[in-house]
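Only the shape, not the letters, is given here:
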Ligand code: HEM
């Protein structure tokens, strides 16, 4: 379909896979739609996802190493099983809010990656999750249906509290660890965002004030957990038949036994229910995209939800949830749901594992080095506990944005106490 231009707002909407990919690589399209500083009311000022051009490249160069392959494998093999056991041990069988449970599981790992210390109690994890829910409001500001300025000012206040309660103490501890390392050459400082940022600040490689570190840690905490919790719920939306099937999907049983089926189900879910259905950009100068002339200052919208249903790439039943889907060569099952180009999701391999392409779908995945992604491991662990829908208590969407893939709550019935189920996460 050709792009449409809404003359009133100078908004250009693209819906095809190839045009969107071209747009996401375009160097004259920025994610920066709010030029104000934090002090002037912009809670996202100077964070990675809002930077453009060389500033973005430099910050990304600092942060990419946090997602090295070895670090990801350690997350899946060592850290995740420990977190899973600790968090699930606190759960009872019976009704459970899956959104909050998946949030607690993801927030522990996101906090570890960001370098935010906590005492591991459900109270502190709950506090961190509340911060995530607040920061999530700013991250989706363009899709908010309420008073945007009010939301931004509430998030700014919450960030100050988040900085005081969590980032400040974590930062002070890491300064001491870096001092000790500089003096004695040991112990090795932790491999996390805050430590990395402090290291870059110390040797003058980047100018990062305390405010930027708080906001970047907030981005990591939110980016690493809210999307994962949503995607966990979105996957059970299909697995438990909330999509109109009204009965569990047959793949549910296979998932409990085999993480590669959990991974297929998660990728197929990401394709159909992207957490950000419309990626947005602003033209920094006049440009042409897909043969369309776009004046500087225009808003450009990439309708990923529609592009992910392209029949040429996903077959003649693109609306159907089918984790056994065959793909056109060179197409990822998750479509464009992690973005593409310079702002492609930095945590995509943590959350989604390695992209599944035609070869993996045909021959299966395997081997020591395969990454399933944390969302697939969460989905598998929860499926293994025996889950079902609750007839008179359906999931409720968070209607504060028009995205349609965010949940306010997602009640499910868990049949077996999670701690009693053997939750093997490898093969
Ligand atoms: C299912 C889980 C996830 C989904 C669906 C998701 C989705 C996305 C998307 C679509 C973008 C690009 C937005 C755009 O181009 O406008 C993005 C960027 C980003 N994501 Fe994720 N994400 C997920 C998990 C994670 C995790 C685990 C982290 C860990 C820190 C993370 C951190 C980030 C960051 C920092 C960016 C900004 C990158 C940049 O601008 O250079 N995300 N994510």
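Cool, the structure landed. Model, not experiment: these values are computed from the prediction.

element containing residue 198?
Remark: residue 198 resides in helix 193-202, with elements defined by DSSP states H and E.

which other helices and strands contact that helix?
helix 53-63, helix 98-114, helix 168-184, helix 210-239 (3 or more CB pairs under 8 Å, 6 or more residues apart in numbering; DSSP states H and E). From N, CA and C alone the C-beta is placed, and that goes for glycine too.

Write out the residues of this protein neighbouring the ligand.
Applying the criterion CB under 6 Å from any ligand atom, the portion of the chain that neighbours the ligand consists of 31, 48-49, 60, 113, 219-220, 223-224, 227-228, 231, 270, 275-276, 279, 337-339, 343, 345-347, 350-351, 375.

let's go with 5 Å and repeat that
Counting by CB under 5 Å from any ligand atom, the residues of the chain lying close to the ligand are 48-49, 220, 223-224, 227-228, 231, 275-276, 279, 339, 343, 345-347, 350-351.

burial of the closest residue to the ligand within the stretch 51-200 of the chain, as a residue count?
Distances from the stretch 51-200 of the chain to the ligand, computed as CB to the nearest ligand atom, single out residue 60 as the nearest residue at 5.4 Å. For residue 60, the number of neighbouring residues by other CB atoms under 10 Å comes to 15.

quick one on the thing from earlier: which parts of the helix holding residue 198 are buried?
Neighbour-count burial for helix 193-202 flags 193-201 (criterion: 16 or more other CB atoms under 10 Å).

returning to what we had before: list the contacts of the residue of the stretch 51-200 of the chain closest to the ligand.
Contacts for residue 60 (CB atoms under 8 Å, 6 or more residues apart in numbering) come out as 48, 342, 346.

Need the three-state assignment for residue 43.
Here residue 43 takes the coil state, with states given by DSSP: H, G, I helix; E, B strand; the rest coil.

Let me see the contact set for it.
Shown in contact with residue 43 (CB under 8 Å, 6+ apart): 135, 138, 152, 155-156, 159, 215.

Ramachandran angles for it?
Residue 43 has phi and psi values of phi -70, psi -10 when expressed as degrees, to the nearest 10.

From the rest of the structure, what touches the helix holding residue 198?
Under CB under 8 Å, 6+ apart, the answer for helix 193-202 is 62-63, 65-66, 113-116, 167, 170-171, 174-175, 177-178, 189, 206-208, 212-213, 216-217, 220.

Check the offset of that helix from the chain's centre.
With CA atoms, centre = their mean, to the nearest Å as the basis, the distance from the averaged C-alpha position of helix 193-202 to the chain average is 23 Å.

what does stretch 316-324 give?
Shown here is stretch 316-324, whose average C-alpha point lies 23 Å from the average C-alpha point of the whole chain (CA atoms, centre = their mean).

Could I get the full set of helices for the stretch 301-427 of the chain?
Counting by DSSP state H, counting those that start in this stretch, the stretch 301-427 of the chain has helices at residues 304-307, 311-314, 348-352, 358-363, 374-384.

Could you check the last one and say which residues are buried?
When burial is assessed from 16+ other CB under 10 Å, helix 374-384 yields the following buried residues: 374-384.

do the first one as well
Going by neighbour count (16+ other CB under 10 Å), the buried part of helix 304-307 is 304-307.

Equivalent analysis for the second one, please.
Neighbour-count burial for helix 311-314, with 16+ other CB under 10 Å as criterion, is recorded at 313-314.

can you check the fourth one too?
When burial is assessed from 16+ other CB under 10 Å, helix 358-363 yields the following buried residues: 360-361.

Spatially nearest residue to residue 264 (excluding sequence neighbours)?
Once its chain neighbours are removed from consideration, residue 264 has its nearest residue in residue 323; the separation is 3.9 Å (CB to CB, 6 or more residues apart in numbering).
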